[in-house]
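What would the 3D arrangement of this be:
(chains A and B)
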Amino acid sequence: MPVLKLLGGLRRFGGGQQQVSGKTVRDVLGRLPAQVLFPEGGLNRDLEVLVNGRNISFLAGLETALAPDDRVTIFLHGARGYPGG
Amino acid sequence: MIGGWTGTVLRVNLTRATIKKEPLREDWARDYVGGRGLGARYLWEEGDPTIDPFSPKNKMLFVTGPLTGTNASCGARYMVVTKGALTGAITTSNSGGHWGPELKFAGYDMIVVEGRAARPSYLWIHNDQVELRDATHLWGKGVWDTEEMIRAESGVPDCIVASIGPAGENLVRFAAIINDLHRAAGRSGVGAVMGSKLLKAIAVRGTGAVRLTDPRGFMASSWAMKAKLKESAVTAEGLPTYGSEVLVNVINEHGALPTRNHQETVFEHAEDMSGETLTETRLVANKACFACTIACGRVTKLPGEAAGKYLVNTHPRNWNIAGEGPEYENAWAMGADCGIGDLDALIKANWLCNDLGMDPISFGATLAAAMELYDKEVLTNSQTGMPLRFGSAEALVAMAEKTAYREGFGDMLAEGSKRLTARFGHPEFFMGVRGQEFPAYDSRAIQGMGLGYATSNRGACHLKSYTVSPEILGIPTKMDPHVTEGKAEITKIFQDITSAVDASGLCIFLTFGVGLEEMLPQLVAATGVPYTMDSLTRAGERIWNLERLWNERAGLGKGSDTLPKRILSEPIPSGPAKGLVNKLGEMLPEYYRLRGWTEEGEVTPAKRKELGLE
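Got it, this is the predicted structure:
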């Protein structure tokens, strides 16, 4: 089963590291409460998800497929823009 | 005089024991904003880039910004500008706490320190009273004792002290200047330059205020920025809760945490030294600098006999055996880079660095290089005096003290890792740029950081173009850390804007939550100068180019924008970034082109003219 590691403030929803079931990132994200995932309706833009250390933005997003030995890392960063952006 | 400034510069000549008050160059304050930029402009005018950093001719400037000491959130910063003892390059070393605001309240924008004292001295400033005092009895004391003794003997218990410890006195090339016990102008050896001048401390007490051009407009824009900071998960929650240490797990999960002198990039004990673990087991409270609404500082404690000696009196609840830190970079350098996951050892070593006045980044990274020399059997016990194995917490704490006092093998560590590795015939083990050790991001796994390191004017540094923001945190937009596309442009933008923020007197951590556009109205209201986004960014570019020109004169221009062989040609052996090297060669030509420099990285006459640097 894939391993899920939650960082920082997300640890209140499940400790540091745990085995989880799920075929895609979307399945795993379902373990987090709705107020974290969709605080303003859409997917939380402060949420960062890695699969084996790669941000899912550079993989297949929420549909990124998970293998049994994959490692999923989730953390919240949050920020409202650096100058130049 | 434009607002935000007192209009007065203190010029202290230690050789002649003279103190003069002179008017601030208002035109320079306007064009270079303040802080880092203003200091660079004065040093350009008065300093000689070719001299030895320990020469009495090397000038030191302690410079505030127009927002230092105002009610702007995080307007606490002052900058030390000089020729760095570690690098020979221009250095701009920045600290928070309360010292910068206090200097303003005393009625001074900056201090120019010249010459070398005949005996250990400290500068005493109490509003109009400015004098050099004997510091013979303070010489040899740690920072914490020094602060306490000056407060006691002056009869002014609320004066703010910036001082050096034994590391600065002993010319440790990465000695720091510490104020408020734990806040550091940490990098490039500014403390060693101060030590070479026999200047132990500058103690300040001021009871004045900072004059603002448009107080009403300033307060409105200040509250608006504070509201933005409260909206950001980083500045409202992440940094106050976990401090910068929260990055340990984040960077390690990306496979970008340099481990055992950059031989690997995933540290197996990262969790043990992480911000989460520190917060759960060792945190007493978070702590803020002057006017800060983030409060990222970590007041930490050690249990039982591992405890230190100092009482941190921020609040009665902290009247326990406690100190401050470590921050992320310090924890990494003394931790993962040395293969050490013992959080208590990292806390203890961090406190030692603060009390002894030493940069934990360069100290830890230099020890890591020594550990690799030991691991490869280049160094033996007979040379080091004790086993320097990766992972040895005992070696870390012992060598922190020995380095500051230059005892035994500490005398060699005190020279920094470039000189150390060259001395033992393995310069390839030096992990840094322009003589300064890397901070906590492996640029094989975060490509843009490699360009930022290679071109950083003060040597390898994370604070001059923090492309970790887009490459890891997705701020302001997500950029793939493994590719080079777009990195030249974002690096230039970040370098210029960071220069402007550094010049303002604000803390760079603000930029996790707000942009330059939110800072701009405060700067305009404070100074009365009609800065725009364009003119402020241009000021940042002017500062960057001026520092570059200074380095060119120091012989650190053409050809010096490079990275160690390990980073350029040894692929990461395992983890998420396995197989990667930094592709600096793909980024550097585009960067030079965007800068308007020659193909070899020299500032052109046309660029100088454009920026008013002729």
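
check whether the strand or helix carrying B:Ile490 contacts chain A.
Assigned by DSSP states H and E, B:Ile490 belongs to helix B:487-504. Yes - Helix B:487-504 lies within reach of chain A by Cβ under 8 Å from any Cβ of the partner chain, at B:490, B:493-494, B:497. In short, each C-beta sits where N, CA and C put it, glycine included.

Now that helix: buried residues?
By neighbour count on 16 or more other Cβ atoms under 10 Å in any protein chain shown, the buried set for helix B:487-504 is B:487-488, B:490-504.

For the helix or strand following it, give the mean pLDDT please.
Using DSSP H and E, the helix or strand that follows helix B:487-504 towards the C-terminus is helix B:516-527. Per-residue pLDDT values across helix B:516-527 average out to 95.

elements contacting helix B:516-527?
Counting contacts by 3 or more Cβ pairs under 8 Å, 6 or more residues apart in numbering or on different chains; DSSP states H and E, helix B:516-527 is packed against helix B:215-231, helix B:487-504, helix B:533-553.

got the angle between the helix holding B:Ile490 and helix B:533-553?
100 degrees (axes from the mean of the first three to the mean of the last three Cα atoms, to 10 degrees).

helices or strands next to helix B:487-504 in the packing?
Using 3+ Cβ pairs under 8 Å, 6+ apart, helix B:487-504 sits against helix B:35-46, helix B:447-455, helix B:516-527, helix B:533-553, helix B:584-595.

Could you save those as CSV and add columns showing mean neighbour count?
Putting these into CSV (neighbours: other Cβ atoms under 10 Å in any protein chain shown) gives the following:
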stretch, mean neighbour count
helix B:35-46, 25
helix B:447-455, 29
helix B:516-527, 23
helix B:533-553, 21
helix B:584-595, 18
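
Quickly note the distance from the residue in the stretch 501-614 of chain B that chain A sits nearest to to B:Glu264.
Relative to chain A, the nearest point of the stretch 501-614 of chain B is B:Pro576 (2.3 Å; Cβ to the nearest Cβ). B:Pro576 sits 12 Å away from B:Glu264, going by Cβ to Cβ, to the nearest Å.

neighbour count winner among those two?
Neighbour totals were compared for B:Pro576 and B:Glu264, and B:Pro576 leads with 23 against 19 (other Cβ atoms under 10 Å in any protein chain shown).

quick one: least confident helix or strand in the chain?
You didn't say which chain, so I picked chain A. helix A:34-37 (a mean of 83; mean pLDDT, DSSP states H and E).

That was the other one, I meant chain B.
helix B:233 (a mean of 78).

how about the residue sitting furthest away from the middle of chain B, phi and psi?
The outermost residue of chain B relative to its centre, with distances by Cα atoms, centre = their mean, is B:Ser382 at 34.6 Å. Per-residue torsions, B:Ser382: phi -70, psi -30 (degrees, to the nearest 10).

one step back: what angle separates the helix holding B:Ile490 from helix B:584-595?
60 degrees.

Tell me, how many residues neighbour B:Ile19?
The burial count for B:Ile19: 16, using other Cβ under 10 Å.

how near is it to chain A?
B:Ile19 is 39 Å from chain A, where distance means Cβ to the nearest Cβ, to the nearest Å.

from memory that residue sits against B:Arg11, does it?
Yes - the pair B:Ile19 / B:Arg11 is scored as a contact, 7.3 Å apart, by Cβ atoms under 8 Å.

coming back round to it: and chain B, is the least confident helix or strand of chain A touching that?
No - applying Cβ under 8 Å from any Cβ, one finds helix A:34-37 separated from chain B by no less than 10.9 Å.

And that helix, what's buried?
For helix A:34-37, a neighbour-count test (16+ other Cβ under 10 Å) marks A:Val36 as buried.
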